[in-house]
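Asker: Sharing a model prediction with you, sequence too.
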Amino acid sequence: MRVLVIEDDRATGDYIQKGLLEAGHVVDLARTGKDGLFLALNEQFDVIVTDRMLPGPDGLAILRALRTSGIRTPVLVLTALGDVDHRVEGLDAGADDYLGKPFAFSELRARLDALYRRPAAKAEATLLRVADVEMDLLKRTVKRAGKPVELLPTEFRLLEYMMRHPGQVLTRTMLLEQVWDFNFDPNTNVVDVHVSRVRRKLDQAIGATEATPPLIRTLRGAGYALGQDD
Amino acid sequence: MIELPRLLPRSFALRAALAAAGIVLAVCMLGFGFGYVRAQAALEQQIDLAVRAEAESFITDFEAHGVAGLLEAVAMHARRQSGTRVMLQTLGGQQRAGSVPGAPPALRGYATLHPPQGGSWRAIGAVLPGGLNLIVAANLAATDRTAAALAGTLPVAGAVAGIAALALGFLTARRLEHRLRGVRAAAEEVMAGDLTRRLPSAGTGDEFDQLTATINTMLARIEDLVRDLRQVTDNIAHDLRSPLSRLRQKLEAAQAAARNPAADAQTLAEASAELDAVLATFASLLRIARAEAGLRTTAPTLLDLSALATGMAETFTAVAEEQGQHLLASITPGLSLKGDAALLRQALANLIENAMLHGGPGVTIRLGLSQLNGTTHLQVADNGPGIPPEEFSKVTRRFYRLDRSRSTPGTGLGLALVAAVAQLHGATLLLSDAAPGLSVTLVFPPGA
């Protein structure tokens, strides 16, 4: 994908650029808000990453300018402030995601992938299907290979989010934010516990064995992914 | 800006004394002036009455004995050389008996006469039947002397009063200045860094003592705050320096060692973990500071506390079970309050995770939400080892950790955040002995 990175901090900008290049993406790096806005308005990008604090127009000003010009490119805002209220402010301004510095590169990459692959805002589907799992959002039921799977509300929300992003890397922080609405890191392994419960229930439905390829894969140091990478 | 030359002394005592003396002098002058005018008017009135009485007695003589009798009486009076003079003249101004210096012809009623030979006289004239004009006059010299004497004493009295006011004002102001100097000296010592210094009190309980008592209370509060701040700063320094020092040693050792991909990878992973812990501590501190400063992460909205607690219970029930612990929830449905959902969620997570971490294996945690007399009680209790009651007030401090929990993971900031969130929501944070175990309750006021 083609990514525009607007970041005035040289080290951070180079770090993001290098990482994304290595991942096989095309990267344009702008060092000031002015350059960034110019590029964003005049060229096509799949995803834009912008720092919140920039010389010239800052991240939120760029965001507003883009949205007023009718450019709907997904934008991820980076900030050293990293606090929730800034997060809310950023999302209100039209950001699609928000990431506090410092961050792990794997976290940024997973979030950019999620933004890039995010389905266009089509009418809410009422039936989600990934591999042999079927989720009915109206009846709140889940079936695997036609067999019912009983899930608790939190587990249901977790699986729903994973099914909406099949094959993508979902980090623990992403899951905490999206499924639990936690904007802090709990001291206990909340995500792992619930993922393993959902996985167990899905596996029990078809009497899976060690040999069955896992539906929910654990990616060491990164997070989880549902289904095969596509 | 151009500094104008000072017309007034800088000393408060001198200025106060001068002002007092000035006011006393002004009041004296006004009072004495008014008295002088009134006294003179009274004297003149008395003379008017005297000449009128005299004139009336002559008219009685006239009515009794006719013109001859009157002439006789006037002549007799003239010979007596008293303070008053009498004259009888025709309406044409021809003198018949006695004399009044400078008398005009045909005088009727009162008049003040200023004869060419000097002096001044107060006269009354009456026209009698037969074309005679009777004039009685009194010398004003005596009255003028009295007025002059009065006028002479007034400035002296005024001067004495002024000097007295000056002295009194100066003394009072000096006393005031003296006390202020004590206050200033003490305040300067406080500014110089001696926060234990207090302002002197005269022990009289007057307004000054009340003021110094108030300021002393304020100083005590500042001293407490500064001590707390120092404590926190020390703790932050300690809690952040330890992992950073460890990190530095680790990197130094790795640098010195021979390059080995496996060992280096291990070192880097450990270094990242160490840094993450430091960053987490920073984030917690920031969040507590923001909550304490009354800064919410979102605008307070009416939120369903029951739903929030139910969600948290479900999430952590699974976590507890996985660790061989139990979480039992008893949540009254339909309870809501105005607040910050993100912060309340974190506070509740901190309480539940604290209970898991410190309660030990097999601990049972109870999460309760109920309403009692309009107040909303959000409670997390465990049956673990609990904490000694004397530690209750300390555990909500930042970085405070019980000795026995120093080795367990955690930043020592969990309860401090809960306390800050409680404060932000106007809630009371109650710690109690669950016998056994610890019970922490957030009591939200009615209508919160």
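Answerer: Nice, I can see it. Here the structure is a predicted model, which is why all the values come from computation and not from measurement.

Asker: now the strands: where do they sit in the stretch 101-250 of chain B?
Answerer: For the stretch 101-250 of chain B, applying DSSP state E, counting those that start in this stretch gives strands covering B:109-113, B:121-128, B:132-139.

Asker: Figure out which of these is closest to residue A:147.
Answerer: strand B:109-113 (135.1 Å; CB to CB). Placement of C-beta: from N, CA and C, glycine included.

Asker: Check the average confidence over the closest one, would you?
Answerer: Here strand B:109-113 scores 85 as its mean pLDDT.

Asker: Give me the distance from it to the chain's centre.
Answerer: 65 Å (CA atoms, centre = their mean, to the nearest Å).

Asker: likewise stretch B:425-435?
Answerer: 37 Å.

Asker: What residues does residue A:50 make contact with?
Answerer: For residue A:50, the contact set (CB atoms under 8 Å, 6 or more residues apart in numbering or on different chains) comprises A:5, A:6, A:7, A:36, A:59, A:62, A:63, A:75, A:76, A:77, A:78.

Asker: can you tell me how far it sits from residue A:16?
Answerer: 11 Å (CB to CB, to the nearest Å).

Asker: Please name the bridge partners of residue B:364.
Answerer: In this entry, residue B:364 is beta-bridged to residue B:326, by DSSP bridges.

Asker: related to what we said a few turns ago, shared neighbours of residue A:50 and residue A:16, which are they?
Answerer: With CB under 8 Å, 6+ apart as the test, residue A:50 and residue A:16 both reach A:5, A:7.

Asker: residues from chain A in reach of chain B?
Answerer: By CB under 8 Å from any CB of the partner chain, the residues of chain A that approach chain B are A:82-85, A:88, A:102, A:152-154, A:180-190, A:193-194, A:197.

Asker: On the C-terminal side of the top helix by length along chain B, identify the next helix or strand.
Answerer: Assignment by DSSP state H gives helix B:12-80 as the longest helix of chain B. The element immediately downstream of helix B:12-80 (helix or strand, assigned by DSSP states H and E) is strand B:84-90.

Asker: packing partners for that next one?
Answerer: Helices and strands touching strand B:84-90, by 3 or more CB pairs under 8 Å, 6 or more residues apart in numbering or on different chains; DSSP states H and E, are helix B:12-80, strand B:95-98, strand B:132-139.

Asker: run the last query once more with 10 Å
Answerer: helix B:12-80, strand B:95-98, strand B:121-128, strand B:132-139 (3 or more CB pairs under 10 Å, 6 or more residues apart in numbering or on different chains; DSSP states H and E).

Asker: Any idea which of these gets closest to chain A?
Answerer: When the helices and strands packed on strand B:84-90 are compared by CB to the nearest CB, helix B:12-80 sits nearest chain A, at 51.2 Å.

Asker: so what's the closest residue to residue B:25 other than its chain neighbours up against?
Answerer: Nearest non-adjacent residue to residue B:25, counting by CB to CB, 6 or more residues apart in numbering or on different chains: residue B:162, 4.4 Å away. Residues near residue B:162 by CB atoms under 10 Å, 6 or more residues apart in numbering or on different chains: B:20, B:21, B:22, B:23, B:24, B:25, B:26, B:27, B:28, B:29.

Asker: quick one: which of the contacts of residue A:50 is nearest chain B?
Answerer: Distances from chain B to the contacts of residue A:50, taken by CB to the nearest CB, are shortest for residue A:78, at 15.2 Å.

Asker: Reduced to three states, what does the closest one come out as?
Answerer: strand (DSSP: H, G, I helix; E, B strand; the rest coil).

Asker: low-confidence ranges in chain A?
Answerer: A:81-86, A:118-123, A:229-230 (pLDDT under 70).

Asker: Going along the chain, name the helices of it.
Answerer: Under DSSP H, chain A gives helices at A:10-22, A:33-42, A:59-68, A:84-92, A:105-117, A:153-164, A:172-175, A:190-206.

Asker: will you turn those helices into CSV that also has mean neighbour count?
Answerer: As requested, those are exported to CSV (neighbours: other CB atoms under 10 Å in any protein chain shown):
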stretch, mean neighbour count
helix A:10-22, 15
helix A:33-42, 18
helix A:59-68, 18
helix A:84-92, 18
helix A:105-117, 19
helix A:153-164, 20
helix A:172-175, 20
helix A:190-206, 19
